[in-house]
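Q: what's the 3D shape of this:
(one chain, ligands or ions: 1)
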Amino acid sequence: MLCRKNTILVAAALLIIIVVSLGYITNQEIKELVGQQFNKQQQLLVRQSAIGVDSFFYDRSILIKKLGNDISNESTEDMPRHFVYFSRTLKCYSCMGFINDTGIIVTSYPVTQSWIYTNISETGLSRLFDCAEKKGNVCITTYLPENQDNFRSTIGMPVYSNNTFRGVLFANIEMTTISEWLLDDVVSEEDGYVYVISESGQCLYDEAHKEIIGKEYIGNFCDNDSSFAHVIKKQIKEKEGTCYYLDEYTKEPRIAIYTSVEFDDTDWIICLSVPEAKVEKLVYSVYKKQILFIVIVISSIIFGSGIIISMFSKWNKELEMEVESKTVDLRRSNTELETANTKLKELDRLKSEFISMVSHELRTPLTSIKLSLDVLKILSDHKKDENTKEEMLQIIERNIDRQNRLIGDLLDVSRLESGNLKLNCNPVDLIDIIKESVESMRKVAEDKGIRIFVDTQEDSMPIMADYDRLVQVLVNLINNALKFTREGEICIQAQMVNGHPQVTVSDTGIGIPHDELEFIFDKFYQVDGGSSREFGGSGLGLAVCKGIIEQHGGSIRVESEIGKGSRFIIQFKS
Ligand code: ADP
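A: Numbering: from 1, shown residues only. This is a model prediction of the structure:
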């Protein structure tokens, strides 16, 4: 059992090791996969923003182009009407205006007095004007107006009237509007932030660090050899990618995902910075589930092993109990065999005793008969000696009776054993049976000087029984009582006990030792058996009595005390 238990424990331990190792390997793969997946997702977000910015400028360019055509023949005074409509409809322009062919802002909406009639060389619109005039088409420029901390993109469209260049229509879009519309909601604040850099590495927009807008990152935000400086350099060079860096201020490892967006001759790089912890968080949430799964699997293995072990121990216990009960049975059988053997030996001994006793019992009456006959022969001529003759004849009769009884008992025992003792049951009176039995033993009792008295409270006790056989039983008991009593009396009682007839034969004789009581109903058993025996008898009488009473459906038992006497109790069924 111990060996089986150990095997199960080893198997369970191996399974646990396999599960844990598999869990560890899978964890590594999951970490990589989650990282890749996360980067891809962020890349998609950035691309989406870039596409958004691109389409935003494309749409606005088309609209400005249309507006340019609409106002081509309008007077300068009428132009604001179109601007108002456009501004109000599209809501993304901070200012719209018209620069005449000499580079003077002649009208604008909203009207900014400081702008009107200003030469564009003082406003930062020269590059746009030149670009639009030269290109003959829509142009977009981005610049940081003086005394402001937010970039502005301006879309310019050359306006022609009858193929003559009239000037440039311009519309300003603040970077704050672009970020509000397209960049601020890419990720939530705790998940990261968006920043936009120009192709020269200048910060156009930074959601988290507004103070850096308009400045170069390298040298202002980070050192030249910092990990973020390397990221900026890479972002300027490559169109798209993912970089890892350490935020110098928060000392937090972060991931920068970037993609470039080109419109007109402008090149922006839109970047998304997210903390690496975000990936770890995701990985840990997967880990947690996996650990929970592993714990469940391990618990199941432990629980399963426990059940198997307890099942085996239960079977083992049952087996042990079965073996134990079989051993007990075997021991009992052995004891029974030993008892049977002892009984057989005892029976053998009793038989030997019986043979010697029977030889003695058969010879004694014959010797008496022979002697009496010899005496009778001698006395046959002397007619005067009649008394002696009578005495001899009585001796002969007594001894013939004695032998008759012995042969009768032997026959009865053999009939009882073969089941051939047939009862002749009739309604009889127990009192009559007692009286007849006592009467037949009266003479023997008188000769011994022992009184027999009958004590019955009933006048008659009717039962169904074999009259002669019950007389045989009572005579046998009274005979024994007389045989083993030297002085005193013999009492025969008859009464109803619990509705059943009961007869007791008590004497004041030698009594029977306590440890012999259970054997005296066995055939051939005599208390002081063997050659030293003082009293005659065959050891069959009580066995015959017991057999007859039990065939009547009754029972017989004895109570006795050494030196005080014995009491045989017969109980009938009804
Ligand atoms: P037996 O012919 O030897 O009397 P029984 O079967 O009648 O054979 O009795 C068996 C033995 O029981 C007797 O030998 C005797 O030792 C004992 N016994 C029977 N009745 C009495 C009695 N009334 N008092 C003492 N011993 C008795």
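Q: and stretch 162-179, what's buried?
A: 166-175, 177-179 (16 or more other CB atoms under 10 Å). (C-beta placed from N, C-alpha, C; glycine too.)
Q: since we're on A465, how many residues are nearby?
A: Using other CB atoms under 10 Å, A465 has 26 other residues around it.
Q: what distance do you get for it to D267?
A: From A465 across to D267, the span is 136 Å (CB to CB, to the nearest Å).
Q: contact residues of the stretch 451-574 of the chain facing the ligand?
A: Counting by CB under 6 Å from any ligand atom, the stretch 451-574 of the chain comes close to the ligand at 480-481, 484, 507, 509-510, 512, 520, 525-527, 537-543, 566.
Q: in strands, which of those fall?
A: D507, S566 (DSSP state E).
Q: among the residues of the stretch 451-574 of the chain next to the ligand, name the ones in helices.
A: N480, A481, G541, L542, A543 (DSSP state H).
Q: check contacts around the last one.
A: When contacts are counted by CB atoms under 8 Å, 6 or more residues apart in numbering, A543 touches V413, L416, F521, D522, K523, F524, Y525.
Q: can you pull out the low-pLDDT segments for the stretch 251-400 of the chain?
A: 352, 356, 359, 380-384 (pLDDT under 70).
Q: could you identify the most distant pair in the ones in helices among the residues of the stretch 451-574 of the chain next to the ligand?
A: Of all pairs drawn from those, the greatest distance, 17.1 Å, lies between A481 and A543 (CB to CB).
Q: and the pLDDT at Q148?
A: Looking at Q148, its pLDDT stands at 77.
Q: gap between it and the ligand?
A: Remark: distance between Q148 and the ligand (CB to the nearest ligand atom, to the nearest Å) = 141 Å.
Q: helix/strand/coil for that residue?
A: Of the three states, Q148 takes coil under DSSP: H, G, I helix; E, B strand; the rest coil.
Q: what's the neighbour count on it?
A: Q148: 13 surrounding residues under other CB under 10 Å.
Q: equivalent analysis for S161, please.
A: Counted with other CB under 10 Å, the neighbours of S161 add up to 12.
Q: what residue ranges in the protein score low on pLDDT?
A: 1-4, 113-114, 352, 356, 359, 380-384, 529-534, 536, 574.
Q: for the residue sitting nearest the centre point of it, what are its contacts?
A: Nearest to the geometric centre of the chain sits I307, at 6.5 Å (CA atoms, centre = their mean). If you count contacts by CB under 8 Å, 6+ apart, I307 has none.
Q: the ligand versus that one, what's the distance?
A: 66 Å.
Q: and if you look at E180?
A: Counting by CB to the nearest ligand atom, the gap between E180 and the ligand amounts to 128 Å.
Q: roughly how far does that residue sit from L411?
A: Taking CB to CB, one finds E180 at 134 Å from L411.
Q: can you give me the strands in the stretch 351-500 of the chain?
A: Counting by DSSP state E, counting those that start in this stretch, the segments of the stretch 351-500 of the chain that form strands are 426-429, 451-456, 462-465, 489-497, 500-507.
Q: nearest to P110, of these?
A: strand 500-507 (134.9 Å).
Q: output the contacting helices and strands for the closest one.
A: With contacts taken as 3 or more CB pairs under 8 Å, 6 or more residues apart in numbering; DSSP states H and E, strand 500-507 sits against helix 430-448, helix 467-483, strand 489-497, strand 565-571.
Q: can you add mean neighbour count and give these back as JSON lines?
A: What follows is the helices and strands packed on strand 500-507, written out as JSON lines (neighbours: other CB atoms under 10 Å):
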{"stretch": "helix 430-448", "mean neighbour count": "17"}
{"stretch": "helix 467-483", "mean neighbour count": "21"}
{"stretch": "strand 489-497", "mean neighbour count": "17"}
{"stretch": "strand 565-571", "mean neighbour count": "21"}
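Q: helix/strand/coil for Y117?
A: coil.
Q: just the helices from this protein, written as ranges.
A: Going by DSSP H, the chain shows helices at 2-70, 79-90, 126-135, 175-178, 217-220, 227-237, 276-379, 386-418, 430-448, 467-483, 541-551.
Q: can I get the ones you listed in CSV with distance to I570?
A: Formatted as CSV, these follow (distance: least, CB to CB, whole Å):
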stretch, distance to I570
helix 2-70, 63
helix 79-90, 133
helix 126-135, 145
helix 175-178, 128
helix 217-220, 128
helix 227-237, 120
helix 276-379, 25
helix 386-418, 17
helix 430-448, 10
helix 467-483, 7
helix 541-551, 6
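Q: mind checking these for the one nearest to P158?
A: That would be helix 126-135 among those, by CB to CB, at 4.6 Å.
Q: what does stretch 44-62 rub up against?
A: 90, 92, 138, 140, 153, 155, 171, 173, 178, 181-183, 186-187, 194, 240, 257-264, 268, 270-272.
Q: of these, select the buried ones using a PyMOL command.
A: Remark: buried members of the contacts of stretch 44-62, expressed as a PyMOL selection using 16+ other CB under 10 Å:
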select buried, resi 92+138+140+153+155+171+173+178+182+183+186+187+194+257+258+259+260+261+263+264+268+270+271+272
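Q: could you list which of the contacts of stretch 44-62 belong to strands?
A: Reading strands off these with DSSP E, I get 140, 153, 155, 171, 173, 194, 240, 257-263, 268, 270-272.
Q: quick one: neighbours of C243, just the number.
A: Using other CB under 10 Å, C243 has 20 neighbouring residues.
Q: wait, it touches A229, no?
A: No: the pair C243 / A229 is not scored as a contact, 11.1 Å apart, by CB atoms under 8 Å.
Q: not counting sequence-adjacent ones, nearest residue to the residue of the stretch 251-400 of the chain found nearest the ligand?
A: Proximity of the stretch 251-400 of the chain to the ligand (CB to the nearest ligand atom) peaks at M357, 8.4 Å away. Once flanking residues are discounted, M357 sits nearest to S538: 6.5 Å by CB to CB, 6 or more residues apart in numbering.
Q: gap between I450 and the ligand?
A: 12 Å.
Q: next: I51.
A: To the ligand, I51 is 126 Å away according to CB to the nearest ligand atom.
Q: quick one on the thing from earlier: R363 is nearest to which of the helices and strands packed on strand 500-507?
A: helix 467-483 (19.7 Å).
Q: show me what the closest one is packed up against.
A: Against helix 467-483 (3+ CB pairs under 8 Å, 6+ apart) you get strand 426-429, helix 430-448, strand 489-497, strand 500-507, helix 541-551, strand 565-571.
Q: so for N224, which of those sits nearest?
A: Per CB to CB, nearest to N224 of those: helix 541-551, 125.3 Å.
Q: quick check: angle from that closest one to helix 386-418?
A: With axes from the mean of the first three to the mean of the last three CA atoms, to 10 degrees defining the directions, helix 541-551 sits at 50 degrees from helix 386-418.
Q: pull the distance from helix 541-551 to the chain's centre.
A: 63 Å (CA atoms, centre = their mean, to the nearest Å).
Q: same check on stretch 65-82?
A: Remark: stretch 65-82 is offset 87 Å from the chain centroid, using CA atoms, centre = their mean.
Q: start to end distance for that stretch?
A: By CA to CA, to the nearest Å, the extent of stretch 65-82 from end to end equals 13 Å.
Q: give the contact list for H552.
A: Contacts of H552 were listed using CB under 8 Å, 6+ apart, and they are L423, C425, A465, D466, R469, L470, F572, K573.
Q: and for T388?
A: Here T388 is in contact with V375, L379 (CB under 8 Å, 6+ apart).
Q: 10 Å - rerun?
A: Shown in contact with T388 (CB atoms under 10 Å, 6 or more residues apart in numbering): S372, V375, L376, I378, L379, H382.
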